[in-house]
Every structure is written in C-alpha cells, then in structure tokens.
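Enquirer: need coordinates for the below:
(chains A and B)
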Amino acid sequence: MEKVVPAKDRLLKSKKSWMDGEVRGRILVFLSAIIMIAATISITIFIGQKGLQAFINNGVSLIEFLTSKIWDPTNQKNPVYGALPFIFGSFAVTFLAALVAAPLGIGAAIFMTEIAPSWGRKVLQPVIELLVGIPSVVYGFIGLTVLVPFIRDHVGGLGFSLLSGMIVLSVMILPTITTIATDAMATIPKALREGSYALGATRWQTIRKVLIPAAMPSLLTAIVLGMARAFGEALAVQMVIGNVSKFPHSILDASGTLTTIITLNMGNTTFGSVDNNVLWSMGLILLVISFVFILIIRYLSARRKI
Amino acid sequence: MKNFKKLGLLMMLAALMVFAAACGGAADKKDGNKADNKTAGNKELSGSLVLSGSTALQPLASAAAEEFMNKNTKVSIQVNGGGSGTGLSQVSQGAVQIGNSDVFAEEKKIEGLKDNKVAVVGMTAAVNPKAKIKDIKKADLIKVFTGKITNWKELGGADQKITLVNRPESSGTRAVFNKFALDGATPAQGITEDASNTVKKIIAETPGAIGYLALSYFTDDTVTKLSIDSVEASNENIQSGKFPVWAYEHMYTKGEANEVAKAFLDYMTSDEVQTTLLPKQGYIPVTKMKVERDAAGKTTNK
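Expert: The predicted structure is shown next:
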C-alpha cells in the first residue's frame, strides 16, 4: 500500500522564525522611527513648558517681551525684558545672508548642472563639502580675526556689525543652498531641455525661461533651508555681531540675535530664575520660527511640479 | 544551525549589556558609599568629587584638583565649567558636590548653601594702548561707561572715539565692575562678549576700546591696565583695601560637605595653595586680605 503523506507534511515549511529578516527588520525601523518622534515631541514639550514659565510664573508680559525695544534684566526696581531687538537682529542677519548666498548658490548649481556638468562638478563638489566640514567656531574666529578688522578699516563702523554677521553666515549657508539647488536642477527631466533647444532657444534662454521656473519650488526650498540654518547659528555670529541689545540703525551697526543672547547668558543665570526663564522663552521663539520655516518648505514642496 | 548561532550571539550580547549595566551601577554606588562612609583619621582618603560652575575659577580649581589627586591617589576630582549660574544651580540641586561661583549665592537668590571663599580676583578697566590713557578718575570712568564722555581727548588722551566692550547682563564680572568701579551706574550699550580672552582681543584690536578684565589677563602690552583715582590695580592695593574692584571666588557646598569635599576645600585654603598656586594663576590669596566683604557689598576691615 502506498504510503499517504498528509498535505501538511508535504508542504514546504517556512523556515522563518521571528528572528529572521522580516520581523526583526520591522522592529528595528519602527524603533528608530519611534525614538525620533519621541525625541522631537519631548524636546518641543520641554521647551514649550520652560519657555512659557517666564510668562506664567514670573509675570513677564508676553506683549512686552515681543514688542519692547528695551532689554534691561538687571534693573533692580523695574527689569524690562524686551526681546524685539534680538528677534529683529535674527531676522535681519538671516535675510541678509540669504540675499547674498541665494544667488551665489543657485548660480553655482546652474554652473554644475548646465554649463560644466563634468569638470565643474568635479571641482565644485569637494569645495562645497569642505565648506560644510569647517566648524562654525572656526568661521567665527576667522570672522573675528580677519573680517572685523577689515570692515573697521575699509568700510567703517566698529567692524562688529550686521554686515560681518551677514558675510559669515552667507558663507556658512552657501553649501546648503548649493547642494539642494544642484539636486533640484539635476532632477529636471531632459525632455524639458531638449524641447527648449528644439524650439530654437539658446542655452541661457533655456536656463532662464525653462529650467529655473521649473525648479523654482525646489530652489526656494533650498533658500529657506539655508535661512533656517542661519537663523539657528549662534557661535559664529556671536563672535562678529557685537551682541548689543539695541536696534541697529544701519548695516554697519552692531546688533544681537536670539541665539547669541542665549549663549552669552545661559551659563551665568541660575535655573528657575526669571533671567533664565526668559532665555528659554527666546528658545521657544526660535523653535516656533523654525516650525514656520518647515511649514514654508512643506508648502513649497507641495507646489513642486516636477 | 545557523539560526542557533545567531540567537546565541544575540543572547551573549544581551547578557553582556546587562552585566555591563549592572557593573556600572554597582561602581557608582560603591563610589558614593566610599565618600560617605569615610571615617576621619589617618585612613587614606578615597572617593570622587565633581565641581562645576565659574569659568574664572576653573583653571585654579583644575590645577588644585590635580595636585590634590597626586597626593590622594584614590580620589578623583572632575572640574567642569558652565558659568557661575550653572554651578550654583547644580550644587543646590545636588547634582555636583561643589559649585564654583564668582558671585555670592544671595545675589542670584539661591539660599541654603554653605559659602567657602577660596580666592580673590581683582579686576580693572582695560583700554586700547593707542588711547594713551593710564589713569582715570572714578567719576570720569563712570561717565565713560555711561556714554557721557565719548572721546578720549576729553580726558587728555588721543583723539579717538570710545568704544565700550561689555559683559552680558547676567555676568558676575559685570556685576562686580558695575558695583565697585561704576558705583552701581548702568553702563551704556556696547559690544558684549562673555569670554575674557575674546574681550581682551577686541580691546587690543579696536581703537579707543575700553572694557574690563581680571588682573590675571594683563600679561602683555596689548591692553593698558587702568589705575583708578591714581591707585594702581595691584595685589597689594587690593589686599589693603585701597583698590575697590575685586570679588571673591566661592566654592559652595550644600549643607555640610562630605569627607572628600571637606578635605579638598581645606586644601584650597591651605598655605600651600594660597601662597604658591594662587599667585601663579593670577589670583589673590583670600587669607592675606586685610579687608572683607559681605554679600551686600559692604567692605570692612578685618
């Protein structure tokens, strides 16, 4: 009699156990995702809670904090905590830096992708990567040693100025803008270029009328990302901007930013004191603004056509 | 078979991690116990100590800690910076055993700490040498820092615009300088930097700049050390109370210090440190002061 093997035994058994690829991989990536989300959420909650303490526990007026031009925390009788000069300083130096770095970065990106894709990229790519690798304190030190005296002697003012901050920051954000802009230009479909050339457009016309408009949302994303970096930079800016707590009247005036005031005062204030809590409030403002930057980036990415 | 191997490896790794974690914990505990259970006497001192706070006191504390560890090989001392505020906060939270500070804890509204004054730091105004000013009247100094005098020629110096180099509002150095050199006047706006070395660099490079530095930073000719009311900012004048701009360096402990901390603090005020290490680092021995000062800033003869 022929032996009948039940179907159960004849089937190939999966040798998979939970230790094998699927499940383990899944757990690993889930864990990574959860840790990242948890870190972001807990930092947000922590800064939010710390940043609001000045207004809730210490009775600092939120309106005064956001609109007063006077920063006088050591006044014994009537301390005033007005962060407006620093908020303005942060925005001023960020926009100025973007104003310089954006055309340069996008120009370099066009050069690398359109004009000299082979050797241009070979030369520029390492240069840009090198720029990324220089620590911000070194930028600051170069700024303090070279840039500040140069501006004092040849342009005017003290040297410690918005202008110095702008130059240092624009060099620092240049790699960010260039890298993202290059990627954006490189991903434009070839058909667009060929179509344009077929219609008789010159190279410059193609770049100006077809490629740049097509890549515009990504280029803007590059600029906003660069600005986000500039906004959060503390060390290099602190060394060249002068850190005064009043409104700058010209580009040659010294100024202060949110980040520089936080780094200057953090170590000298005690946890839980008003002076310390207003620094956290400035941190909260920085966080909110970087959220705004991200929102802008998301909005721009959604508009991307290619 | 292969699976088993993998499983085994993973298990081993896990076991190792648990083991390491347990060991780490145990070691921590042991250290703590050692420090607490130490009985006084001739038994060798052992345990660990963490200091944090004032960056002005950090070099001295580090140097003293090194010497102390050479003498007591079973003690490990770690000296962190972070600023006076950080030191005071951490010691009152119990995160460190000793909190270093340039200012009285009372000025930062922290209570319940035991003060140990270990050194005195003198400071004075520093100007760019090209301003050609060496001596200044206190009233003029106040006018300079409040922005009423804006050119050095008004004080008989070179025709140069005055540039102020301040410290951040929360800085201990600034508080001391404002209180004792400017008689409490609020300085006008100016460039603000925290690190003494940066301040010195800026004063040395900016024409007409004036700021203030601890005496230990006047090591070369790049900045001019100002005398106030014709009294030179020297160690002798500070010890005798003639020159008013100085501050204590404090090492705060929470409640009674444990054995190791106490031994270290005793060592800090011993003659060995006070007469050899301190002058070398540019501090003034606290034991040699002929005047003393309380938290409210009142100075009295000893």
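Enquirer: got the contact list for A:Ser32?
Expert: Going by CB atoms under 8 Å, 6 or more residues apart in numbering or on different chains, A:Ser32 touches no other residue. (C-beta placed from N, C-alpha, C; glycine too.)
Enquirer: where does it fall, phi/psi-wise?
Expert: For A:Ser32, the backbone dihedrals (degrees, to the nearest 10) come out as phi -60, psi -50.
Enquirer: if I look at it, how far off is chain B?
Expert: Plainly put, A:Ser32 is 18 Å away from chain B if you go by CB to the nearest CB, to the nearest Å.
Enquirer: what's the separation between the closest residue to B:Thr192 other than its chain neighbours and A:Ala254?
Expert: Distances taken as CB to CB, 6 or more residues apart in numbering or on different chains put A:Asn243 closest to B:Thr192, at 3.9 Å, once the chain neighbours are dropped. Distance, A:Asn243 to A:Ala254, by CB to CB, to the nearest Å: 7 Å.
Enquirer: tell me, what's touching those two both at once?
Expert: Joint contacts of A:Asn243 and A:Ala254 (CB under 8 Å, 6+ apart) are B:Ile191.
Enquirer: run a quick neighbour tally on the residue nearest to B:Thr192.
Expert: 26 (other CB atoms under 10 Å in any protein chain shown).
Enquirer: could you do B:Asp266 as well?
Expert: Neighbours around B:Asp266, by other CB under 10 Å: 12.
Enquirer: what helix or strand is it on?
Expert: helix B:259-268 (DSSP states H and E).
Enquirer: how far off centre is that helix?
Expert: 18 Å (CA atoms, centre = their mean, to the nearest Å).
Enquirer: can you spell out which helices and strands pack onto the very next helix or strand once past that helix?
Expert: The C-terminal neighbour of helix B:259-268 among helices and strands, as given by DSSP H and E, is helix B:271-272. Applying 3 or more CB pairs under 8 Å, 6 or more residues apart in numbering or on different chains; DSSP states H and E, one finds that helix B:271-272 makes contact with no other helix or strand.
Enquirer: next, whichever residue of chain B sits closest to chain A: phi, psi?
Expert: Per CB to the nearest CB, B:Gly83 is where chain B lies closest to chain A, at 2.3 Å. As for B:Gly83, its main-chain torsions (degrees, to the nearest 10) stand at phi 100, psi 150.
Enquirer: any idea how chain B splits into domains?
Expert: B:47-120+B:249-301, B:122-240 (automatic domain parsing).
Enquirer: among those, which is nearest A:Ala98?
Expert: domain B:122-240 (25.1 Å; CB to CB).
Enquirer: enumerate every residue touching the spatially closest residue to the residue of chain B closest to chain A that is not a sequence neighbour.
Expert: Take B:Gly83 and drop its neighbours on the chain: the residue closest to it by CB to CB, 6+ apart is A:Gly267, 2.3 Å away. If a contact means CB under 8 Å, 6+ apart, then A:Gly267 has B:Thr55, B:Gly81, B:Gly82, B:Gly83, B:Ser84, B:Gly85, B:Thr86, B:Asp194 as its contacts.
Enquirer: which of those residues tops the neighbour count?
Expert: Busiest of those [other CB under 10 Å] is B:Ser84, holding 32 neighbours.
Enquirer: do you know how far the residue in the stretch 201-306 of chain A that chain B sits nearest to is from B:Gln97?
Expert: Taking CB to the nearest CB, chain B has its nearest neighbour within the stretch 201-306 of chain A at A:Gly267, 2.3 Å off. Relative to B:Gln97, A:Gly267 is positioned 19 Å away (CB to CB).
Enquirer: do the same with A:Gly165
Expert: 41 Å.
Enquirer: cool, B:Gly157 as well?
Expert: 49 Å.
Enquirer: do I have it right that A:Phe271 meets B:Ser89?
Expert: Yes - if you go by CB atoms under 8 Å, A:Phe271 and B:Ser89 touch, sitting 4.1 Å apart.
Enquirer: neighbours of B:Gln189, how many?
Expert: Look at B:Gln189: counted by other CB under 10 Å, it has 16 neighbours.
Enquirer: all good on my end, thank you.
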